[in-house]
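Chemist: Here is a sequence together with a model predicted from it:
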Amino acid sequence: MSPRAIVRRACEVGLDAIALCDHNSARNTPALHAACKAEGISCLSGMEIATVEELHALALFDTPDAALAMTEQIYAALPPRLNTPLLFGEQPVVNDQDQIVDLEWHLLGAPVRLGVREVAAAVRALGGMLIASHADRPEFSISSQLGDLRGDEGFEAMELTRHAERARWRERFPGLPILCASDAHLLQDIGSAWNEADLRAFTVAELRAVLAADAVHCILT
């Protein structure tokens, strides 16, 4: 799942644009942008943030710089624990040639000390948008951790997995537009779900506009 391998697989399955959302870090997004530029596809920089409520939320940004600025805020809010590679695996940071240039020692699988509203405010201040991750899953989701939404949490959409019944979740959270995603942790899962929309450019502003207009169509394989 190196950036170049991700991009090559995305091209193989015909995707025009992707986002890389590692847990609580965006340090590999510069390499992703370079790989996407080399292959001629678009990308957003992102991360999947684990909030204090232990729900996961996707933060998407136009540039690696904005995502890295968010990463600094997330690192400051992580518990002061070091990663244990023998237990949790190594957390490599790579360059655009997939060469490992650093190992991340923050425990990226841990939740941060920020609530979802604080995370949403920080993401918006950096020009990004926040999406509720895998809303249909029975753990680490808005449905499992919050139950219902008040509407002030700061989410602009919800992500569903390819296994979700979209009509059910649209009824459950009627105020949130829907995106479908592969949530791929393995290369072969990339392209198992994607979205189609008429975008002038792959930017946060354009994505926000088509979501608000309910003009995003989920495709599942």
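Modeler: Good, I have the coordinates. Since we're looking at a predicted model, the values are computed, not measured. Residues are numbered from 1 along each chain as shown.

Chemist: Quick one: residues in contact with the helix ranked longest in the chain.
Modeler: In the chain, ranked by residue count with DSSP state H as the criterion, the top helix is helix 64-77. Here helix 64-77 makes contact (CB atoms under 8 Å, 6 or more residues apart in numbering) with 24-27, 29-30, 33, 45-47, 49, 59, 61, 106, 112-114, 122-123, 126-128. (C-beta placed from N, C-alpha, C; glycine too.)

Chemist: Tell me how many other residues crowd N28.
Modeler: 24 (other CB atoms under 10 Å).

Chemist: Let me know the pLDDT of the residue sitting furthest away from the middle of the chain.
Modeler: Residue farthest from the centre of the chain, counting by CA atoms, centre = their mean, is L86 at 25.8 Å. pLDDT, the model's per-residue confidence, is 92 for L86.

Chemist: List buried residues within the contacts of helix 64-77.
Modeler: The neighbour-count criterion (16 or more other CB atoms under 10 Å) marks 24-27, 29-30, 33, 45-47, 49, 59, 61, 106, 112, 114, 122-123, 126, 128 among the contacts of helix 64-77 as buried.

Chemist: how about the least confident helix or strand in the chain by mean pLDDT: buried residues?
Modeler: Sorting the helices and strands of the chain by mean pLDDT, DSSP states H and E puts strand 217-220 at the bottom, at a mean of 89. By neighbour count with 16+ other CB under 10 Å, strand 217-220 contains the buried residues C218.

Chemist: Which neighbours in the sheet does it have, and how are they oriented?
Modeler: Strand pairing for strand 217-220, determined by DSSP bridges: strand 193-196 (antiparallel).

Chemist: Quick check: buried residues in the partner strand?
Modeler: Across strand 193-196, burial judged by 16+ other CB under 10 Å covers 193-195.

Chemist: One more: stretch 32-42?
Modeler: Neighbour-count burial for stretch 32-42 [16+ other CB under 10 Å]: 32-36, 41-42.

Chemist: Looking at those, which one is closest to P138?
Modeler: Distance to P138 across those (CB to CB) is lowest for L32, with 29.8 Å.

Chemist: if I pick that closest one, what's in contact with it?
Modeler: Applying CB under 8 Å, 6+ apart, we find L32 in contact with 3, 6-7, 18, 20, 43, 45.

Chemist: Following element in sequence after the top strand by length along the chain, please.
Modeler: In the chain, taking DSSP state E as the definition, the longest strand is strand 42-50. Scanning forward in sequence from strand 42-50 by DSSP states H and E, the next helix or strand is strand 56-61.

Chemist: now, which of the contacts of L32 lie within strands?
Modeler: 18, 20, 43, 45.

Chemist: any idea how far A209 is from the residue lying closest to the second one once chain neighbours are set aside?
Modeler: It stands for L20. Counting by CB to CB, 6 or more residues apart in numbering, L32 is the residue found nearest to L20 once chain neighbours are left out, at 4.6 Å. For L32, the distance to A209 equals 24 Å [CB to CB, to the nearest Å].

Chemist: Rounded mean pLDDT for stretch 13-21, please.
Modeler: For stretch 13-21, mean pLDDT is 96.
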